[in-house]
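1. Sharing a model prediction with you, sequence too.
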Amino acid sequence: MNPYESPADAHPNLRAQPTRVPFPYASVGPMTGASVGLTHGVASLLAWTQFDRPDFLIRSAESTLAVTALLSLGGAVFGIFYALLLSLVCHHLNRNVRRRLHFVSATITSFLIAYGAAYYSLVNRSVVNPFLVLAGTVAMAFAIALLTSFRNDEFPGLETIG
């Protein structure tokens, strides 16, 4: 063996193989879920204050802070499963999702849907089903993630999910 050869040159099976960037379930999923939960609470509070704080939907700002903390915690837990499902679908479709774009789009989508639901609830004095709001947020974020994704071989150097 030549002393100037690297072990990878001497043994071709030791050469670096192209690998996919693994989805960081423990970080991106919970962070996105927590931000969505926080955004839901903030959007509801914003709609409530725009209607001069009526005695409907929200009773006090303090109770909203407690509910927002619970929404963030629940979102962080749900985010792990959401990230797992998104990763499995992307792996099956041979696609990658851009992490930062997904985080921002999920947060903006969450705000728009939650604010719209709170506004509708305050105008009509009937509460929109919170599971419908959550399902709409998850479906829109998932659809946007898939629509903005790209094939694995298109941009090999980007920081991605999938």
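-> Done, it's in.
2. middle-most residue in this structure, spatially?
-> residue 32 (3.8 Å; Cα atoms, centre = their mean).
3. quick one, what contacts residue 114?
-> 39-40, 43-44, 133, 137 (Cβ atoms under 8 Å, 6 or more residues apart in numbering). Where C-beta positions appear, they are placed from N, C-alpha and C, glycine not excepted.
4. How far away from the center of its chain is the strand or helix carrying it?
-> In the assignment (DSSP states H and E), residue 114 maps to helix 99-124. On the basis of Cα atoms, centre = their mean, to the nearest Å, helix 99-124 sits 12 Å off its chain's mean C-alpha point.
5. could I get the next helix or strand after it in PDB with only the CA atoms?
-> Following helix 99-124 in sequence order, the next helix or strand is helix 130-147 (DSSP H and E). Taking Å, rounded to 0.1, in the frame of the first residue of the first chain, the C-alpha atoms of helix 130-147 are listed here in PDB:
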ATOM      1  CA  PRO A 130     -61.100  24.100  17.000                       C
ATOM      2  CA  PHE A 131     -60.400  20.700  15.400                       C
ATOM      3  CA  LEU A 132     -61.600  22.000  12.100                       C
ATOM      4  CA  VAL A 133     -59.100  24.900  12.500                       C
ATOM      5  CA  LEU A 134     -56.300  22.500  13.400                       C
ATOM      6  CA  ALA A 135     -57.100  20.200  10.500                       C
ATOM      7  CA  GLY A 136     -57.200  23.100   8.100                       C
ATOM      8  CA  THR A 137     -53.800  24.400   9.400                       C
ATOM      9  CA  VAL A 138     -52.200  21.000   9.100                       C
ATOM     10  CA  ALA A 139     -53.600  20.300   5.700                       C
ATOM     11  CA  MET A 140     -52.500  23.600   4.300                       C
ATOM     12  CA  ALA A 141     -49.000  23.400   5.800                       C
ATOM     13  CA  PHE A 142     -48.700  19.900   4.500                       C
ATOM     14  CA  ALA A 143     -49.900  20.900   1.000                       C
ATOM     15  CA  ILE A 144     -47.600  23.900   0.900                       C
ATOM     16  CA  ALA A 145     -44.600  21.800   2.000                       C
ATOM     17  CA  LEU A 146     -45.200  19.300  -0.800                       C
ATOM     18  CA  LEU A 147     -45.800  22.000  -3.400                       C
END
